[in-house]
Structures are given as structure tokens and as C-alpha cells.
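Enquirer: Test case, fold it:
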Amino acid sequence: MRASTIAMLLSALALSPASAQAPALGKLEVKAYQKIPKTKTAVQLTQDTALGRHLRGLVMDRLASRGNEVGFSGGNVMRMDVTYLDLLGSGGSGGNDTIGGQPSYAAPGSNPRPELPSNRLARRDQIDPKPSATLRLYFTLYAVDTGKVLWAATSSCAADGTRMESVGEAMIDAIFSDADKSRVADAGCPI
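Expert: Modelled structure (predicted):
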């Protein structure tokens, strides 16, 4: 009995965000194998970050407003993965990652590189800030006693580093607006 429970839990964990097929940018996908049960649900982050903690609080609020009992332990566990990918390094660090064009970890006097212009030449009111980062949210709800996946959702939006929380909030609102039906829809991206 115990070996079969462990095998089911391992199969549920195999449905990790890395193996899940992500929807197109700006879309969300909900797979409702059954409605989200009203029993107590624990929302757990796969990686503990400030953005993840903030968005987990919103998910717990949305579940509570649906009538679910939420907490940090329960009969059902919702795994939540918040992935933020910034290919151009525009995460709002203010340019503190480089010192004189060098990486911050470079030793003094090591292979100096010329500083490149950071902005194209144009009037400031004509420059459109283009988001260079992607925020992806993955949710997997499973029953602890059986290991059965009950519900899953993925969503992705383009964003810039300064508005990640508001983009994540919009994505969570779009997912939980009709969470009990399987669907592919617009992710509610504000940018």
C-alpha cells in the first residue's frame, strides 16, 4: 500500500513545470480534471522568492473567496512555480550589474571593454518601452492521500522588470475567473 502511494506521488511530481507544455505567450491554459475541491488546500512554492510569496498570497485569497479553506498544510496541495526570465537584463536593477561596462564580478584592470550606448537616438517621447522579460506561472493541484492530479494551470505574459507584481496579479485573476472549466484563453496581460 505504501509503495503504491509513493509511486503515485512520484508520478504527480513528474508533472513538474519543466515537463509541462507552456501555452503561447499571452495565453493561459487550465486543465480541470475535476473542480477544485472545497477541502483544505495548501499552496506551496517550488522556489521561495519575494515575487512568489506575493503571488502565493493572492492565490490563497482567490481560493478563500471561492470557499476553500487554505493554509500551509492540507488534504490537497497546490504546487506553484513562478518563473521570471529576463533575457536582456532589464529587471529593474538600475544598471548596478556592471561597473564601467565590466561585469560586477570582474577584477580591477581585467580586459576592459568599451561602454556601449544603452539607448537608441530618438526623442524620448517616441521611445516605446518594450518588455524584454517573460513571467510564467505553473499550478498543479493534487490530493496528498492518492497523489492524483486534480487541476493544473499555466500562464505566461511579457513584462518588464518593474511591473512583475501587477502582471502576475492580472494572470492570477484571469486563471481564477473561471477555474473549474478546462480552457485556453487570454492571460489578461496588462502590457
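
Enquirer: quick one: buried residues of the longest helix seen in the chain?
Expert: Ordering each helix of the chain by length in residues (DSSP state H) puts helix 50-65 first. By 16 or more other CB atoms under 10 Å, the buried positions in helix 50-65 come out as 51-52, 55-56, 58-60, 62-63. The way it works is simple: take the backbone N, C-alpha and C, and place the C-beta from them, glycine included.

Enquirer: and after that helix, which helix or strand comes next?
Expert: Sequence-wise, the next helix or strand downstream of helix 50-65 (DSSP states H and E) is strand 70-71.

Enquirer: which residues does the residue nearest to residue 69 when sequence neighbours are not counted contact?
Expert: Nearest non-adjacent residue to residue 69, counting by CB to CB, 6 or more residues apart in numbering: residue 40, 4.3 Å away. Residue 40 makes contacts with 68-71, 73-76, as judged by CB atoms under 8 Å, 6 or more residues apart in numbering.

Enquirer: Do me a favour and get the end-to-end distance for stretch 177-187?
Expert: 11 Å (CA to CA, to the nearest Å).

Enquirer: per-residue confidence averaged over that stretch?
Expert: Across stretch 177-187, pLDDT averages out at 89.

Enquirer: No further questions, thank you.
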